[in-house]
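Trainee: predicted model and sequence below, questions to follow.
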Amino acid sequence: MSDHSNDRGAPHPRRPHGAYDPEDPSAFRQQVEELERRSGSAARLFDVRRIIGGLFVIYGVIVTVAGFFTSDAALEKAEGININLWTGLAMLVLGLLFLLWLRLSPAVPPPPPGEAAEAPGSAPSGGPESATGEPRRPE
């Protein structure tokens, strides 16, 4: 009987459900694939363009709304230019550009280490060969 079960054949009480079982390599592979999938979605979720763009949009909306309620004294102080309105609109446009950039060019997580070496047309890392497999010539 396995050392991971009690005398009745039930799973070991200290082993959490879904924990790695060294006797089942397919379960290990499934867990690794699941973690790789999650890390790829986390990489897309925490892309810096999403964070910067979102913050600029939020602050741009706040400053633009503040620009709509600017007093005459503040306008006179700024020589007739509604600084809050123009700055807020600029921040809003910049934030939307960041989010558009993210939409047009989404982040692609790096391939797992095993797949990077097997990619067709790629030279082994650190090797002097070109992508075609021929030695590189000094230029």
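Mentor: Sure, I can see it.

Trainee: low-confidence stretches in this protein?
Mentor: Scanning the chain for pLDDT under 70 picks out 1-23, 37-45, 109-139.

Trainee: again, 80 this time
Mentor: Residues of the chain that meet the criterion pLDDT under 80 lie in 1-46, 106-139.

Trainee: let's see the helix or strand encompassing residue 101 as CSV, backbone CA atoms only.
Mentor: For residue 101, the host element (DSSP states H and E) is helix 83-104. In CSV, the C-alpha atoms belonging to helix 83-104 read as follows (Å, rounded to 0.1, in the frame of the first residue of the first chain):
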residue,chain,number,x,y,z
ILE,A,83,-5.3,74.3,-17.6
ASN,A,84,-7.3,71.5,-15.9
LEU,A,85,-9.5,71.0,-18.9
TRP,A,86,-6.6,70.8,-21.4
THR,A,87,-4.4,68.7,-19.1
GLY,A,88,-7.2,66.3,-18.4
LEU,A,89,-8.0,65.9,-22.1
ALA,A,90,-4.3,65.3,-22.8
MET,A,91,-4.1,62.7,-20.0
LEU,A,92,-7.3,61.0,-21.3
VAL,A,93,-5.9,60.8,-24.9
LEU,A,94,-2.6,59.5,-23.6
GLY,A,95,-4.3,56.8,-21.5
LEU,A,96,-6.5,55.8,-24.4
LEU,A,97,-3.4,55.5,-26.7
PHE,A,98,-1.8,53.2,-24.2
LEU,A,99,-4.9,51.0,-24.1
LEU,A,100,-5.1,51.0,-27.9
TRP,A,101,-1.5,50.0,-28.1
LEU,A,102,-2.2,47.1,-25.7
ARG,A,103,-5.2,46.1,-27.8
LEU,A,104,-3.3,46.2,-31.1
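
Trainee: got the buried residues for it?
Mentor: Within helix 83-104, the residues scored as buried using 16 or more other C-beta atoms under 10 Å are 83-85, 87-88, 91-92, 94-95, 98-99, 102. Every residue, glycine included, has its C-beta placed from N, CA and C.

Trainee: which residues does that helix contact?
Mentor: Here helix 83-104 makes contact (C-beta atoms under 8 Å, 6 or more residues apart in numbering) with 47, 49-50, 52-68, 70, 74.
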